[in-house]
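Colleague: Structure for this input, please:
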Amino acid sequence: MNEDNPAFRDTVPTAENICRQLLDDVAPLFGGDPARLVAVHLRETPERSATAYTEGAIEANYWFDFSAARRTISPHLSASENETLFGISTGEHGHNYRARLTLRADSIPPEPALGTEEEISSLIRLFRTQLDHKNLNRDVDALRGKPITTESLARLILQSGPGKVPLSRVRLHERDDFFAEAWNDGGMFLGMREAFSAAHRLHVPSFSDAQNAELFGKCNNPRGHGHRYVAEATIGGEYDERSGALANFEELRDALGQALAPWRDKHLDLETDEFRDQPSTGENIVRALWPRLDTALQQRLLRLRLWETANNRFTLRRM
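Modeller: Numbering: from 1, shown residues only. Okay, here's the model as predicted:
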């Protein structure tokens, strides 16, 4: 990279700098397109990634793992309240956690980029020493007398970072399909993912066969094709100091499952009402899913994502 790409003759090819260069290189390709480039995501390794935004902001992401045991309870709730809110999770259990630390700047800062590698490595070692192979209810002094939830743990990691490495946000997965995310402005988010299988054909009835073939390629196959879709619903709100929870896990999971149920193992174009008169593109799928899921979640839905393939994702956000 340093020798073969002129852009990095005098610029260090950090993940952030490569991501920004990719954005600059790719942006002209969207010059005549109604869609506009918003961001470029770059994954350097499973533990390291970056995001560059067209308005100039840049983010550095660092992932790390740790294992810990816990009982999901709040000392501020009664036994029956804990049981109602957290169910079987009030019993002792463990998780293989995966955390993402995000640092953000309005533009690429002077080198080194967002924190040095040694500063980030030292911070991750600190978190692992504090949390790895610990019982969160008994062994972590910073959590004594506080709710033990995924939300509270994400918040603790965010607030425990030293000032010289200012974290913008922390995402914490307690399982692959469930995460909490704490932001340095006080925001708290919960995300739930669920997969479903369905078939479809990308086809616009008002277009000619040639137009459909040009626009959708092999995805316009008259016999259709299938996907194992993954939907991710994210809700937001204020952190509840009493319960430590943003929402009931079971209710969030059930709402997403019930919203997806009418499409599961169906041909979207032939067996569902939503796509009889409009093409079942990823954009239209998230738009059709939003209202019934948002209603089930009492209008708390903030972001809805849909993966059609590992490389193909659609996102709808509440503005």
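
Colleague: For Asn137, give me its contacts.
Modeller: Counting by Cβ atoms under 8 Å, 6 or more residues apart in numbering, Asn137 makes contact with Arg70, Arg71, Ile73, Leu143, Ile148. (Glycine included, C-beta is placed from N, CA and C.)

Colleague: what's the helix or strand for the most centrally placed residue in the chain?
Modeller: The centroid of the chain falls nearest to Gly191 when counting by Cα atoms, centre = their mean (7.0 Å). Using DSSP states H and E, Gly191 sits within strand 187-200.

Colleague: Any regions of this structure where pLDDT drops low?
Modeller: 108-113, 162-164 (pLDDT under 70).

Colleague: Are any of the contacts of Asn137 buried, and if so which?
Modeller: When the contacts of Asn137 are checked for burial by 16 or more other Cβ atoms under 10 Å, the buried set is Arg70, Arg71, Ile73, Leu143, Ile148.

Colleague: Quick check: beta-bridge partners of the residue nearest to the centre of the chain?
Modeller: For Gly191, the beta-bridge partners are Phe179, Thr234 (DSSP bridges).

Colleague: could we number from 51 for the rest of this?
Modeller: Yes, from this point I'll number from 51; that puts the last item at Gly241.

Colleague: In this structure it contacts Ala283, no?
Modeller: Yes - contact criterion Cβ atoms under 8 Å: Gly241 and Ala283 qualify, at 6.9 Å.

Colleague: can you tell me which of the buried ones among the contacts of Asn187 are in strands?
Modeller: Arg120 (DSSP state E).

Colleague: Could I get the full set of helices for this structure?
Modeller: Under the criterion DSSP state H, the chain contains helices at 65-76, 129-136, 167-181, 186-189, 200-210, 259-266, 299-310, 318-321, 332-346.

Colleague: winner for burial among these?
Modeller: helix 200-210 (a mean of 22; mean count of other Cβ atoms under 10 Å).

Colleague: Name the residues that touch that one?
Modeller: Contacts of helix 200-210 (Cβ under 8 Å, 6+ apart): 147, 149, 151, 176-177, 180-181, 186, 190, 192-193, 196, 217, 219-222, 224, 228-234, 238, 240, 289, 294-296.

Colleague: and if you look at stretch 124-135?
Modeller: By Cβ under 8 Å, 6+ apart, stretch 124-135 touches 123, 140, 195-199, 291-295, 298.

Colleague: Leu252 and Asp323, how far apart?
Modeller: Look at Leu252 and Asp323: by Cβ to Cβ, to the nearest Å, they are 18 Å apart.

Colleague: So which of those two has more stuff around it?
Modeller: Leu252 (19 against 8; other Cβ atoms under 10 Å).

Colleague: Report the contact partners of the residue nearest to the centre of the chain.
Modeller: Phe228, Phe229, Ala230, Glu231, Glu282, Ala283, Thr284, Ile285.

Colleague: just Arg342 next, same as before
Modeller: Arg342 touches Ala309, counting by Cβ under 8 Å, 6+ apart.

Colleague: And it, how far from Ser139?
Modeller: 27 Å.

Colleague: Ok, Thr122 next?
Modeller: From Thr122 to Ser139 the distance is 4 Å (Cβ to Cβ).

Colleague: More neighbours: which of these two?
Modeller: Thr122 (25 against 20).

Colleague: and the helices of the chain as TSV, adding distance to Phe114?
Modeller: TSV is the format used below for the helices of the chain (distance: least, Cβ to Cβ, whole Å):
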stretch	distance to Phe114
helix 65-76	16
helix 129-136	26
helix 167-181	5
helix 186-189	16
helix 200-210	10
helix 259-266	41
helix 299-310	24
helix 318-321	39
helix 332-346	31
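
Colleague: on that earlier part again, quick one: the strand holding Gly241 to helix 299-310, angle?
Modeller: 30 degrees (axes from the mean of the first three to the mean of the last three Cα atoms, to 10 degrees).

Colleague: for strand 237-250, which positions count as buried?
Modeller: Met238, Phe239, Leu240, Gly241, Met242, Arg243, Glu244, Phe246, Ala248, Ala249, His250.
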